[in-house]
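>>> Let's see this in three dimensions:
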Amino acid sequence: MNRIERLRVVAAFVSGIVFGLGLALSGMLNPVRVQGFLDITRDWDPSLGFVLAGAVSVSALGMALVRRMREPLLDSRFHLPETRVIDRRLLVGSAIFGVGWGMVGLCPGPALASLSLGLPATVLFIASMLAGMAAHDRLFGARPWQRAS
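Purely as a prediction, here's the structure:
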């Protein structure tokens, strides 16, 4: 492993730690808190909105920085979305994701971070998520970024 590859691993590790700590500190590992945000008909909990606003702000600053850079520090090119098409697949996938998020109160990032809590429900969620991803690949083929170019 050369120096750049080691730096990529370190950058990924540090990013993951920061992300996980942020989720834990903000209480977003607690599915009840997420469900409280999504349920606007009862005792609505706006805290996830503040977490989302913080994430969008940091991401916007990062994207502004990326636009000013000629090339990334640890790669040969930027890996940004190449399409802006809003099609049926995107809408159906988003709806399925939203239903799952609302039912369980977990999405992939917080679920992976909350594995550290050792909750059986989280382990079941992750296993089900991976099974759904495998079923998609079997039924519809590999995801576009996995196809050989």
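
>>> Could you point out which residue ranges in this protein have low pLDDT?
Low-confidence segments of the chain (pLDDT under 70): 143-149.

>>> Now do the helices in it.
Taking DSSP state H as the test, the helices found in the chain are 3-26, 31-38, 47-68, 88-104, 108-114, 120-140.

>>> Single out the most deeply packed of the ones you listed.
helix 108-114 (a mean of 20; mean count of other C-beta atoms under 10 Å). For every residue, glycine as well, the C-beta is placed using N, CA and C.

>>> Quick one, which of the helices of the chain gets closest to Arg77.
Arg77 lies closest, by C-beta to C-beta, to one member of the helices of the chain: helix 47-68, at 11.5 Å.

>>> Residues contacting the closest one, please?
Residues outside helix 47-68 that contact it (C-beta atoms under 8 Å, 6 or more residues apart in numbering): 22, 26-28, 33-34, 36-37, 72, 78, 80.

>>> swap the cut-off to 10 Å and go again
The contact list for helix 47-68, computed with C-beta atoms under 10 Å, 6 or more residues apart in numbering, reads 19, 22-23, 25-28, 33-38, 72, 78, 80, 105.

>>> which residues does the closest residue to Leu29 other than its chain neighbours contact?
Leaving aside its sequence neighbours, Leu29 sits nearest to Ser114 (C-beta to C-beta, 6 or more residues apart in numbering; 4.3 Å). By C-beta under 10 Å, 6+ apart, Ser114 lies in contact with 20, 23-24, 28-31, 106, 121-123, 125-126.

>>> what separates the residue nearest to the spatial centre of the chain from Leu119, distance-wise?
By C-alpha atoms, centre = their mean, the chain has its centre lying nearest to Gly109, at 4.7 Å. To Leu119, Gly109 is 16 Å away according to C-beta to C-beta, to the nearest Å.

>>> And Val56, by the same measure?
As defined by C-beta to C-beta, Val56 lies at a distance of 28 Å from Leu119.

>>> Likewise for His79?
33 Å.

>>> So these two - more neighbours on which side?
Leu119 (14 against 8; other C-beta atoms under 10 Å).

>>> Now do the contacts for that one.
29, 31, 111, 125.

>>> Farthest pair within the residues you listed?
Longest span within the contacts of Leu119, C-beta to C-beta: Leu29 and Phe125, 12.2 Å.

>>> which residues are in contact with both of the two?
Shared contacts of Leu29 and Phe125 (C-beta under 10 Å, 6+ apart): 105-106, 110-111, 114-115, 119.
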